[in-house]
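# I need the structure of the sequence given here:
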Amino acid sequence: MVLLIAVLDGIIASALVTALTLRLLGRRGVFDVPNHRSSHQTPTVRGGGIGLAFGTLVALAVAASWIFRSADIALCVAGISFGAIGFADDLTNGISIRTRMVLQLVAALIVTTLIWNHHSFGVVPLALACFLALVWIISFVNASNFMDGINGISCAEGIVAGVAFGFMARNEHQYALQAAGFALAAGAIGFVPFNFPKARLFLGDVGSYFIGSWIAVMVVIGLQASIPAEAMLAPVTLYVADTGLTLARRVLRHDAWHEAHRQHTYQQLVDRGWSHTRTTGVVFIIVALSSALGSISLFGSIQARLVADVGIAILTVGYLALPSLIGHFWNDPSGPAYEASDG
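Below is the predicted model of the structure:
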């Protein structure tokens, strides 16, 4: 009952603060001005992720009256610190790549220290685990930022991943992680009406960094609690695959990997003529199906887990191949479907 109240409070808080943020940032002139790499055509307020972040934190705070762990502290520090870095860039639009990476490294170091503060491991395993966690958190935060380019896509990831982690954590009696998952879903649900299907404002870096860091830390906490890797990684597989393949292509072409572009799979789908609504809907369905398949690892046999893993791989490869399939079989001469969207 407390968790349900927490989720409802988070949704309401997210919606109210998002509405307020829309007015305040609009008056301040914090707009995302479209360019040739954008998926939108009109200047749109950015930085609305403050509302999502606030709603998520409110939901977790209410749920903390029922259960609270050091993991919650790590999540709050991650979300607030990475969100602050993103919001600073939203306001100034002038923080250099080097400065952002240094700030992200410092934030990730603090979060990683908090995660392992009360655990005793051998020196080498602990050092390796911390290093991998550090790389993972920074990598997924930036992947989340790269993927936040069309209406609703980041909220889709936040809602599905949050709900999936919530239910899987409940099954494994990891109640702090359960509260964190449903809290993120609540924050995203409260924000999504402002961004999907038509966008009145964007999450901005504050929102994409917050979602990315929250999900990344939940993955680390879940793996640390011995929840099967398939269960924890399935909700993020599409984001990792899309970003990883895109960056690999850009590196091979000797392009600047950190510069804005339109080469992600979801961007190619829009350029093939798909609307943001259809593209986000497909992403939502694939992430949801992958998450369901990943959950089989919680109670399935080895054979069932292998079949589920193959299913996740097929879904992911199918998603990555969609632009080529559309171009080959259903070429749409109408061109890109531009809408007001993050990008």
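# three-state assignment of I227?
Classification of I227 by DSSP: H, G, I helix; E, B strand; the rest coil places it in coil.
# Share the number of residues neighbouring it, please.
Residues within reach of I227, counting by other Cβ atoms under 10 Å, total 21. Backbone N, C-alpha and C define where each C-beta goes, glycine included.
# Tell me who's in contact with it.
Going by Cβ atoms under 8 Å, 6 or more residues apart in numbering, I227 touches 168-169, 172, 174, 298.
# same deal with A84?
Contacts of A84 (Cβ under 8 Å, 6+ apart): V206.
# Secondary structure element for F87, which one?
Per DSSP states H and E, F87 falls inside helix 70-92.
# and I50, what element?
Going by DSSP H and E, I50 is part of helix 49-63.
# what angle sits between that helix and helix 70-92?
160 degrees (axes from the mean of the first three to the mean of the last three Cα atoms, to 10 degrees).
# Now do helix 49-63: which elements does it pack against?
Secondary structure elements in contact with helix 49-63, counted by 3 or more Cβ pairs under 8 Å, 6 or more residues apart in numbering; DSSP states H and E, are helix 2-28, helix 70-92, helix 175-191, helix 204-224.
# want to throw those helices into JSON lines with distance to G152 and mean pLDDT?
What follows is the helices and strands packed on helix 49-63, written out as JSON lines (distance: least, Cβ to Cβ, whole Å; pLDDT from 0 to 100):
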{"stretch": "helix 2-28", "distance to G152": "14", "mean pLDDT": "95"}
{"stretch": "helix 70-92", "distance to G152": "19", "mean pLDDT": "93"}
{"stretch": "helix 175-191", "distance to G152": "10", "mean pLDDT": "96"}
{"stretch": "helix 204-224", "distance to G152": "12", "mean pLDDT": "96"}
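# what about G149, is that helix, strand or coil?
coil.
# Against which helices or strands is the worst-scoring helix or strand of the chain on mean pLDDT packed?
The helix or strand of the chain with the lowest confidence, counting by mean pLDDT, DSSP states H and E, is strand 31-32 at a mean of 81. For strand 31-32, the packing partners by 3+ Cβ pairs under 8 Å, 6+ apart come out as strand 44-46.
# Starting from the strand it packs on, tell me which strands it pairs with and how they run.
For strand 44-46, sheet partners with direction are given as strand 31-32 (antiparallel), strand 201-202 (parallel), following DSSP bridges.
# Pick the most buried one from those.
Of all those, strand 201-202 has the most neighbours on average by mean count of other Cβ atoms under 10 Å, namely a mean of 30.
# Contacts for that strand next, please.
Here strand 201-202 makes contact (Cβ under 8 Å, 6+ apart) with 18, 21-22, 25-26, 32, 44-48, 148, 194-195, 341-342.
# try 6 Å
With contacts defined as Cβ atoms under 6 Å, 6 or more residues apart in numbering, strand 201-202 is touched by 22, 32, 44-46, 48, 194, 342.
# and these, which are buried?
Buried subset of the contacts of strand 201-202 (neighbour count, 16 or more other Cβ atoms under 10 Å): 22, 32, 44-46, 48, 194, 342.
# closest to S154 among the residues you listed?
D342 (7.2 Å; Cβ to Cβ).
# pLDDT of the helix or strand that contains F131, averaged?
Assigned by DSSP H and E, F131 belongs to helix 123-147. Average pLDDT, helix 123-147: 89.
# just stretch 279-291 next, same as before
For stretch 279-291, mean pLDDT rounds to 98.
# cool, stretch 156-168 as well?
98.
# Kindly report the same for stretch 225-240.
For stretch 225-240, the per-residue pLDDT averages 96.
# CA-only coordinates of it in CSV, if you can.
Only the C-alpha atoms of stretch 225-240 are listed here, as CSV (Å, rounded to 0.1, in the frame of the first residue of the first chain):
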residue,chain,number,x,y,z
ALA,A,225,22.5,-8.6,-5.2
SER,A,226,23.0,-11.7,-7.5
ILE,A,227,20.0,-11.1,-9.6
PRO,A,228,20.7,-12.9,-12.9
ALA,A,229,22.5,-10.8,-15.5
GLU,A,230,19.8,-11.5,-18.2
ALA,A,231,17.1,-10.0,-15.9
MET,A,232,19.1,-6.8,-15.2
LEU,A,233,20.5,-6.3,-18.7
ALA,A,234,17.5,-7.1,-20.8
PRO,A,235,15.7,-3.7,-20.3
VAL,A,236,18.8,-1.8,-21.4
THR,A,237,19.9,-4.1,-24.3
LEU,A,238,18.3,-2.0,-27.1
TYR,A,239,19.9,1.2,-25.8
VAL,A,240,23.3,-0.4,-25.5
